[in-house]
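*Asks:* Take this sequence and fold it.
(chains A and B)
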2 protein chains.
Amino acid sequence: MKNISAVLFLLVALAATSHATCFRNPLRLLTDDDQTSHAECITSPIHLLRPKSGAAGHNVPQINCLSWRLAVETYNLRNWKLVPESCENYVGHYMLGKQYREDCDAVADIAIAYAKNLTLAGDGKEIWVFDIDETSLSNAPYYARSDVQFGAIPYNDTKFNAWVAEGAAPAVPGVLRLYKTLLSLGIKPVFISGTKEVYREVRISNLKNVGYRNWEKLILKGENDTGSAVVYKSNKRTELVEAGYRIVGNIGDQWSDLLGTNVGDRTFKVPDPMYFIG
Amino acid sequence: MKNISAVLFLLVALAATSHATCFRNPLRLLTDDDQTSHAECITSPIHLLRPKSGAAGHNVPQINCLSWRLAVETYNLRNWKLVPESCENYVGHYMLGKQYREDCDAVADIAIAYAKNLTLAGDGKEIWVFDIDETSLSNAPYYARSDVQFGAIPYNDTKFNAWVAEGAAPAVPGVLRLYKTLLSLGIKPVFISGTKEVYREVRISNLKNVGYRNWEKLILKGENDTGSAVVYKSNKRTELVEAGYRIVGNIGDQWSDLLGTNVGDRTFKVPDPMYFIG
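*Replies:* As a prediction, the model looks like this:
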């Protein structure tokens, strides 16, 4: 029964991912709102049949990848290092498929409804905190690479930074729509990212290229910003509050974006089954 | 494409739910660890073909029920009143199917690994807070009734209390296993529930009948316990801490079990797509 379910699930994932007879370029998948466009198809970017090294499925405890992802998203699982090898294909299908788009859109819909229902002072001090990676910009095209495997192999700082330096990350579905709605409501976006200051220019051009064109502040990690992500982001939010800003909303893919001090009047978690930052 | 995905998903849900040619009694499904037992089959408890009143799918905004459930579990969606009518079948299949069991088991596995890794003082003051409904005991057999519809119709206090008074709720899969492991480690369980004091005796017999046989305290809601669930549970946890207990863990199906003051060293969220308590 387990096998039948797994096969059927794979069929669902494939049906949701592939609009025709091929996978679409993940970058197009994330940036192109034309659901009917089949241009730039590429052969399976997630390497369905990539040979596994090591145990190859023998004597490895069965992991229910849906349960694993739910545990990640609900913060039951913390400080995890890698996507389980047996869940790489599942995570790949999820990230490149329709469900990730729709999950992000659902978060955006809820956040937009919340923002539209706010009674705003309109004094220019109402801000919304956005994380960048996997929140405002998607690194799915990088994570889809065969040498990255959707987080199933250890993080490589050099490779990831080279990808960041390309400035080619697409917008996360839904979040750009939230951003534009907030601007129209007079709520000012503030980006707080763990990206280092050295990447400021390329991040700015990447953000602008995909549609994030105005913001109150873009806060990146300086040389004196040490400590965990929770501490770093809490410190930066506290500085904002001390400067007279009111954080009416806060959106991130990591719980470390949403916990700590001055988290904001309401927090929103977008999905990220690829990596954990504590 | 949406329809194909939906049909395939339904197939998966059915394959996961039904071990033979029928649905199993939800009470047995939750209490019987014998995966091969097909006894006590009942015809579809979730009324697959129940006619819908009202719009019947016309002109109703499409809801992606997987995204809706993820939004509920991640606390993006708050203060919701009802399961969307279009997600009743989805929630029903989820709750009675294999995925809910496995999601609960995954939470239990993570909590057990955490507990076993603790350095314990063993002074009898280390406690673990358990919520009761949809955490220690499951009301799925009640929610599966045609007059309850898995939370897709408004909550009825009289009917729900009559079900509680039966004392027939099965244990939530996985959580009983966590409970027994904690007892073996010397961590004392404390139940904190929004159930009213008047149901103390029947809750005790219900808990004992399904395997929860020892606890440090069973805290139910007294006449003077007013305020929201977050405030009530925070107050009770604070009383425990002031009495010298250390809350090493806390498990609940509602975010109101896990937020507020003195939440414990670590919190665990078990799934509940049927109702929201704020």
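*Asks:* My guess is A:K269 contacts A:A106. True?
*Replies:* No: counting by Cβ atoms under 8 Å, A:K269 stays clear of A:A106, with 11.4 Å between them. Placement of C-beta: from N, CA and C, glycine included.
*Asks:* Quick check: neighbours shared by these two?
*Replies:* Counting by Cβ atoms under 8 Å, 6 or more residues apart in numbering or on different chains, the contacts common to A:K269 and A:A106 are B:N76.
*Asks:* Now the terminal residues of stretch A:92-103, how far apart.
*Replies:* Stretch A:92-103 has an end-to-end distance of 15 Å (criterion: Cα to Cα, to the nearest Å).
*Asks:* right, is that stretch up against chain B?
*Replies:* Yes: among the residues of stretch A:92-103, A:98-99, A:102-103 lie within reach of chain B under Cβ under 8 Å from any Cβ of the partner chain.
*Asks:* those helices in chain A, which residues are they?
*Replies:* For chain A, the helices defined by DSSP state H cover A:2-17, A:26-31, A:65-73, A:88-96, A:98-116, A:140-143, A:157-166, A:175-185, A:200-210, A:229-242, A:255-258.
*Asks:* List just the one of these that sits closest to B:G186.
*Replies:* Closest to B:G186 of the helices of chain A, according to Cβ to Cβ: helix A:65-73, at 25.7 Å.
*Asks:* Alpha carbons only: can I get that closest one in PDB?
*Replies:* C-alpha atoms of helix A:65-73 as PDB (Å, rounded to 0.1, in the frame of the first residue of the first chain):
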ATOM      1  CA  CYS A  65       8.300  13.200   3.100                       C
ATOM      2  CA  LEU A  66       5.000  14.900   3.500                       C
ATOM      3  CA  SER A  67       5.300  14.400   7.300                       C
ATOM      4  CA  TRP A  68       8.900  15.600   7.200                       C
ATOM      5  CA  ARG A  69       7.900  18.800   5.400                       C
ATOM      6  CA  LEU A  70       5.000  19.500   7.700                       C
ATOM      7  CA  ALA A  71       7.400  19.000  10.700                       C
ATOM      8  CA  VAL A  72       9.800  21.500   9.100                       C
ATOM      9  CA  GLU A  73       7.100  24.100   8.300                       C
END
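*Asks:* export the helices of chain A to CSV and tack on mean pLDDT and distance to B:N161?
*Replies:* Shown next, in CSV, are the helices of chain A (pLDDT from 0 to 100; distance: least, Cβ to Cβ, whole Å):
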stretch, mean pLDDT, distance to B:N161
helix A:2-17, 40, 37
helix A:26-31, 44, 49
helix A:65-73, 98, 31
helix A:88-96, 97, 41
helix A:98-116, 98, 32
helix A:140-143, 97, 48
helix A:157-166, 97, 55
helix A:175-185, 98, 41
helix A:200-210, 98, 53
helix A:229-242, 98, 42
helix A:255-258, 98, 36
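*Asks:* Any chance of JSON lines for the ones you listed, columns mean neighbour count?
*Replies:* Converted to JSON lines, those look like this (neighbours: other Cβ atoms under 10 Å in any protein chain shown):
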{"stretch": "helix A:2-17", "mean neighbour count": "17"}
{"stretch": "helix A:26-31", "mean neighbour count": "21"}
{"stretch": "helix A:65-73", "mean neighbour count": "22"}
{"stretch": "helix A:88-96", "mean neighbour count": "25"}
{"stretch": "helix A:98-116", "mean neighbour count": "21"}
{"stretch": "helix A:140-143", "mean neighbour count": "23"}
{"stretch": "helix A:157-166", "mean neighbour count": "13"}
{"stretch": "helix A:175-185", "mean neighbour count": "20"}
{"stretch": "helix A:200-210", "mean neighbour count": "17"}
{"stretch": "helix A:229-242", "mean neighbour count": "18"}
{"stretch": "helix A:255-258", "mean neighbour count": "24"}
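*Asks:* can you put these in a markdown table and add distance to B:T226?
*Replies:* Below are the helices of chain A laid out as a markdown table (distance: least, Cβ to Cβ, whole Å):
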| stretch | distance to B:T226 |
| --- | --- |
| helix A:2-17 | 46 |
| helix A:26-31 | 48 |
| helix A:65-73 | 33 |
| helix A:88-96 | 43 |
| helix A:98-116 | 27 |
| helix A:140-143 | 48 |
| helix A:157-166 | 52 |
| helix A:175-185 | 36 |
| helix A:200-210 | 48 |
| helix A:229-242 | 32 |
| helix A:255-258 | 30 |
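*Asks:* For the stretch 51-200 of chain A, which residues are neighbours of chain B?
*Replies:* Counting by Cβ under 8 Å from any Cβ, the stretch 51-200 of chain A sits next to chain B at A:64, A:66-68, A:70-71, A:73-77, A:98-99, A:102-103, A:105-107, A:110-111.
*Asks:* The same query, at a cut-off of 10 Å, please.
*Replies:* Contact residues, the stretch 51-200 of chain A versus chain B (Cβ under 10 Å from any Cβ of the partner chain): A:61-64, A:66-71, A:73-78, A:80, A:97-111, A:113-114.
*Asks:* residues near the closest residue in space to A:A169 that isn't next to it in sequence, how many?
*Replies:* Leaving aside its sequence neighbours, A:A169 sits nearest to A:L137 (Cβ to Cβ, 6 or more residues apart in numbering or on different chains; 3.9 Å). Using other Cβ atoms under 10 Å in any protein chain shown, A:L137 is surrounded by 28 other residues.
*Asks:* so A:L137 bridges to which residues?
*Replies:* Beta-bridge partners for A:L137, by DSSP bridges, are A:D133, A:A171.
*Asks:* if I look at it, how far off is B:L120?
*Replies:* 44 Å (Cβ to Cβ, to the nearest Å).
*Asks:* And for A:V248?
*Replies:* Relative to B:L120, and taking Cβ to Cβ, A:V248 is found at 42 Å.
*Asks:* So which of these two has more stuff around it?
*Replies:* Each of A:V248 and B:L120 has its neighbours counted (other Cβ under 10 Å); A:V248 has more, 22 against 13.
*Asks:* So what's the residue count around A:G124?
*Replies:* Counted with other Cβ under 10 Å, the neighbours of A:G124 add up to 12.
*Asks:* Contact partners for the closest residue to it other than its chain neighbours?
*Replies:* Distance criterion Cβ to Cβ, 6+ apart; nearest residue to A:G124, sequence neighbours excluded, is A:K188 at 7.0 Å. Residues near A:K188 by Cβ atoms under 10 Å, 6 or more residues apart in numbering or on different chains: A:124-128, A:182, A:214-217, A:245, A:248.
*Asks:* Can you tell me who A:K188 pairs with across the strands?
*Replies:* A:I127.
*Asks:* ok, now how distant is it from A:S205?
*Replies:* Distance of A:K188 to A:S205, given as Cβ to Cβ: 21 Å.
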